[in-house]
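Enquirer: Got a predicted structure here, sequence first:
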Amino acid sequence: MSDLFWLSDAQMARLKPYFPKPHGKPRVGDRRVSSGIIFIDRNGLRWRDAPKEYGPHKTLYNRWNRWRDKGVFARMMAGLAAEHGETKAVTIDATYLKCHRTASSTGVKKGPRGRLIGRKKSGMNTKPHALCDSQGRPINLFVTAGHVRDYIGARALLGSLPNVDRLLGDRGYDADWFREVLKDKGIRACIPGRDQRKKPVKYDKRRYKRQNRIEIMFGSHKDWRRVATRYDRCPKVFLSAIALAAIVMFWL
């Protein structure tokens, strides 16, 4: 197949420091297996449908499971994103992703509770939240249920805010407590006020236009079929899929 994905030498050099050290028997080729995992993630295939060029599908699946449980993909994302070097502005936003019935099925004792899946008018969905640098590259990512408000989900991102001048966000982040936290950190809030506010909020409209870069980032993520539709019941598995897509698109 001519459209197979293969990691380059330069990309492998950046990822290799995050690979776990093998114990005992040497691992099967990291480039082939890692490229196969990325191909599955991008195209939303079942593991058994992986092209034979990547080797046995069980090898791909087992490597994905082991590394995901060890937090390898999360460390890759954190380590590579730490090189952002951003000092001017960051952007915060969230988006909705639909959940396939295999992820939202209630055919188990506890139902979807704990899977970070919520119900909206459009159906069952989940909500990835992201913090991006001024180039639209994700610095941090996490997932909540779809019904969680943006400014509530933002609490989890406050600890990863870099030392920057401004934070850009849409009206979903217009909360007094959120503005106060940013002020205490010495960060200016470039966030328009909600319509319900009696007193209008001043913000830099020219700078606010750059907020669309995080929307473009989410749009790029949705080109990856395993991200655009959530098939995984476990939120940790789904977040690993999102992180892997971000690594390949923005940090390699």
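Expert: Now that the structure is in, tell me what you want to look at. Residues are numbered from 1 along each chain as shown.

Enquirer: Domains of this structure: list them as residue ranges, please.
Expert: 9-70, 85-232 (automatic domain parsing).

Enquirer: For Asp3, which of those is the nearest?
Expert: domain 9-70 (9.2 Å; CB to CB). The way it works is simple: take the backbone N, C-alpha and C, and place the C-beta from them, glycine included.

Enquirer: Give me the distance from that closest one to the chain's centre.
Expert: Taking CA atoms, centre = their mean, to the nearest Å, one finds the center of domain 9-70 at 19 Å from the center of the full chain.

Enquirer: gap between the two ends of that domain?
Expert: Across domain 9-70, the terminal residues are separated by 24 Å (CA to CA, to the nearest Å).

Enquirer: one step back: as TSV, the domains of the chain with mean neighbour count would be great.
Expert: Formatted as TSV, the domains of the chain follow (neighbours: other CB atoms under 10 Å):
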stretch	mean neighbour count
domain 9-70	15
domain 85-232	17
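
Enquirer: any chance of those in JSON lines, with mean pLDDT and distance to Ile247 too?
Expert: Converted to JSON lines, those look like this (pLDDT from 0 to 100; distance: least, CB to CB, whole Å):
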{"stretch": "domain 9-70", "mean pLDDT": "93", "distance to Ile247": "8"}
{"stretch": "domain 85-232", "mean pLDDT": "88", "distance to Ile247": "9"}
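
Enquirer: closest to Met77 out of these?
Expert: Across these, Met77 has its closest neighbour in domain 85-232 (7.1 Å, CB to CB).

Enquirer: What is the end-to-end distance of that closest one?
Expert: Terminal residues of domain 85-232 lie 33 Å apart, using CA to CA.

Enquirer: got it, and stretch 155-168?
Expert: Its first and final residues considered, stretch 155-168 spans 15 Å by CA to CA.

Enquirer: And the contacts of that stretch?
Expert: Here stretch 155-168 makes contact (CB atoms under 8 Å, 6 or more residues apart in numbering) with 84, 86-92, 129, 131, 139-140, 142, 181-182, 185-191, 204, 207-208, 210-211, 214.

Enquirer: Do a quick rundown of the helices in the chain.
Expert: Counting by DSSP state H, the chain has these helices, from start to end: 9-15, 30-43, 57-69, 72-81, 101-104, 150-153, 176-184, 205-208, 212-221, 225-228, 235-246.

Enquirer: wait, which of those is closest to Lys198?
Expert: Lys198 sits nearest to helix 176-184 of all those, at 12.7 Å, using CB to CB.

Enquirer: hmm, who's touching the closest one?
Expert: Applying CB under 8 Å, 6+ apart, the contact partners of helix 176-184 are Tyr151, Ala154, Leu158, Leu167, Arg188, Ala189, Ile191.

Enquirer: what about 10 Å?
Expert: With CB atoms under 10 Å, 6 or more residues apart in numbering as the test, helix 176-184 has contacts from 92, 150-152, 154-155, 158, 161, 166-167, 169, 173, 175, 187-191, 193, 197, 201.

Enquirer: pretty sure Arg14 contacts Ser34?
Expert: No: between Arg14 and Ser34 there is no contact under CB atoms under 10 Å: 11.7 Å.

Enquirer: residues shared between the contacts of those two?
Expert: With CB under 10 Å, 6+ apart, Arg14 and Ser34 have common neighbours Leu7.

Enquirer: circling back to that earlier point, make a markdown table out of the domains of the chain and add distance to Met249.
Expert: As requested, those are exported to a markdown table (distance: least, CB to CB, whole Å):
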| stretch | distance to Met249 |
| --- | --- |
| domain 9-70 | 9 |
| domain 85-232 | 6 |
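
Enquirer: Ala78: which of the ones you listed is closest?
Expert: domain 85-232 (8.0 Å).

Enquirer: what distance separates that closest one from the centre of its chain?
Expert: In terms of CA atoms, centre = their mean, the centre of domain 85-232 is set 10 Å apart from its chain centre.
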